[in-house]
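*Asks:* Got a predicted structure plus its sequence, pasted below:
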Amino acid sequence: MTLRVDWRASASMIGTVLKYLALALVIPVVVAIRYGESTLPFLVTAAVAVAIGLALERLETDPDIEVREGFLVVAITWLAVSLVGAIPYLIAGWGTVSTLANPINALFESMSGFTTTGATVMGEISTEQHSHALLMWRQESQWLGGMGIVVLAVAILPKLSVGGAQLMDAEAPGPGIEKLTPRIAETARALWKAYAGITILEMLLLYGLHLAGMAPEMTLFNAVAHGFTTMATGGFSPEARSIEAFAAVVQWAIIPFMMAAGTNFALFWHVLNGEYREPFGDPEFRFYVGLLGALSAIGAGLLFVDGGLASATTAAAATHYAGVGSDVIAHTFPIAGDVEAALRHATFQVVSIVTTTGYASMDFNAWSGPAQYVIVIAMFVGGSAGSTGGAIKIVRWLIIAKSIRRELFTTVHPEAVRPIRLAGRPLDDRAIRGIYVFTLLYFVLFLLGTLVLAVDAAFGGTELSTLEAMTACAATLGNIGPGLAGVGPMNHYLGFDPASKLTMIGLMWIGRLEILPVLVLLSRSYWRS
């Protein structure tokens, strides 16, 4: 049987994306010059990206992208970009005691960035340990990966707009992305304009709080850095203790932007075109806001009643997992009876985890068991379809809930015909079946990933609790970042064995691409039938 996938055309498209990735390295180069730091890691990476890109482009001068090639381009592009994106970490760590000198650690950090996961192996995060430029590259990589590298390429490169529909369908997060304009390239540009516009608005707001004297720590560097990773639902921060390092007003200011990042960006396009009622008529958006409100209220109630923790020390949890978080300082959080603090921390953490941003306003490792269960539930929710959020996605849960309701109704009335509708439109059984398949695959991968982490820890002699294995797997597959206990929000993933890190790298890659575009490449029928 002949090969049915035009791999040369796919490789050519991947080369085009890699070639233009070099332009993104201008920002860390400018930051390096501003702070008098070395530009070598970024100049070398730019040269490598251009060289590999040009070489791959030569394989096919006029590539034609169909559905099969679209899957291959998207899956391999994300892997290739993460490999190239690891080069600055390797060069910066070369010849030093930095953990990033290890190739697996460098790839982990890069994959975590581009997939907007936010899990880190950098250990101590500060501008004393790492350059401003490297930290900014870390932030920028999440912003590039948020709306989608291939979606960006379709928006700005005429060469990729020909097969743009296939590429965007394969990459776009959620069951599908709405075609907002007659041309798919215009749709991609509309999404990226909304994404970039809200990012800039957040940067200006955060720096405005600094200029007003309300947030002294929110310098221009921090404002830009957190603007990049909020809208990407990435969660990387140049501050070791994430958003806890900033004033309460900053935490309140970031919450609506995290909510916006978890919203279907098509709704922003409608609002900008004068259709102001569109979000309120969207069932997914209403379900999303209602779920955020319900989980936040439950969390706030638990924190208000007993502080969720009373007088808790995070150091014990941080050192439980060998090699992780031993430098974390013990903290006490007096929340019980404080309405504002309970509401702020609960809302911030629920929105952060549901949208898979992964920021932390405090160490929720110190929360009580019931309050932590709220966090665990939030890990499996996800943002809206067409947003930058990861995990299972709100729309899938909404359709599953509707299908359960229909099943209960037809059990009582077996002769009834009751289609499942979304926004007034009936869904065909194929779409519903696809949602169930995805959700089942998600939980199967979660269980298998947890098993691999647990077995590897056992054979490697590493102490790893069931909670740590489960939440580490959920956090990487769902592109969330922090888990609980040794992989909590103030800790890191450095203590895992190499095999576990490679497993989580794979989970981040598969999770960001929503499983099927990667798994389909492993089927024989994809290549030959």
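*Replies:* The structure has been received and is ready for your questions.

*Asks:* Give the residue farthest from the middle of the chain.
*Replies:* Within the chain, the residue lying farthest from the chain centre (CA atoms, centre = their mean) is E415, at 44.0 Å.

*Asks:* Could you tell me what pLDDT the model assigned to it?
*Replies:* On the pLDDT scale, E415 is placed at 84.

*Asks:* State whether it is indeed within a strand.
*Replies:* No - counting by DSSP: H, G, I helix; E, B strand; the rest coil, E415 is not part of a strand but coil.

*Asks:* Tell me the spacing between the nearest residue to E37 once chain neighbours are set aside and H226.
*Replies:* Leaving out its chain neighbours, the residue that sits closest to E37 by CB to CB, 6 or more residues apart in numbering is S131, at 4.4 Å. For the C-beta atoms, the positions are set from N, CA and C on the backbone; glycine is no exception. The gap separating S131 from H226 is 18 Å, by CB to CB, to the nearest Å.

*Asks:* gap between L72 and R4?
*Replies:* 11 Å.

*Asks:* So the two - more neighbours on which side?
*Replies:* L72 (24 against 12; other CB atoms under 10 Å).

*Asks:* how near is that one to T450?
*Replies:* Applying CB to CB, the value for L72 to T450 is 29 Å.

*Asks:* now do T233
*Replies:* For T233, the distance to T450 - CB to CB - is 23 Å.

*Asks:* neighbour-wise, which of those two wins?
*Replies:* The neighbour comparison of T233 against T450 (other CB under 10 Å) goes to T233, with 33 against 19.

*Asks:* I'd assumed T263 was in contact with the more buried one.
*Replies:* No - T233 is beyond contact range of T263, at 10.7 Å (criterion: CB atoms under 8 Å).

*Asks:* Now do the shared contacts for those two.
*Replies:* Counting by CB atoms under 8 Å, 6 or more residues apart in numbering, the contacts common to T233 and T263 are 383, 387.

*Asks:* got the contact list for P103?
*Replies:* So P103 contacts 86, 90 (CB under 8 Å, 6+ apart).

*Asks:* hang on, the earlier thing: just give me the neighbour total for the residue nearest to E37.
*Replies:* 20.

*Asks:* Would you check that it makes contact with A32?
*Replies:* Yes - here S131 reaches A32: they are 6.8 Å apart, a contact under CB under 8 Å.

*Asks:* who touches both of the two?
*Replies:* The contact lists of S131 and A32 share S38, where a contact means CB under 8 Å, 6+ apart.

*Asks:* Not counting residues beside it along the chain, what's closest to V487?
*Replies:* Nearest residue to V487, sequence neighbours excluded (CB to CB, 6+ apart): A472, at 4.7 Å.

*Asks:* my guess is the one you found is in a strand, correct?
*Replies:* No - counting by three-state DSSP, A472 is not found in a strand; it is helix.

*Asks:* ok, how many other residues are close to it?
*Replies:* Neighbours of A472 using other CB under 10 Å come to 30.

*Asks:* Now for it: which residues touch it?
*Replies:* So A472 contacts 453, 483, 487, 493, 496, 504 (CB under 8 Å, 6+ apart).

*Asks:* Just the ones in helices from those residues, please.
*Replies:* 453, 504 (DSSP state H).

*Asks:* ranking the contacts of A472 by neighbours, who comes first?
*Replies:* With neighbours taken as other CB under 10 Å, the top of the contacts of A472 is F496, carrying 30 neighbours.

*Asks:* does it really touch L502, like I thought?
*Replies:* No - with contact defined as CB under 8 Å, F496 and L502 do not form a contacting pair (9.6 Å).

*Asks:* Report the contact partners of the closest residue to S12 other than its chain neighbours.
*Replies:* Counting by CB to CB, 6+ apart, S12 lies nearest to E60, which is 3.9 Å off, once chain neighbours are set aside. By CB under 8 Å, 6+ apart, the contact set of E60 is 6, 8-9, 11-12.

*Asks:* Sweet, I'm off.
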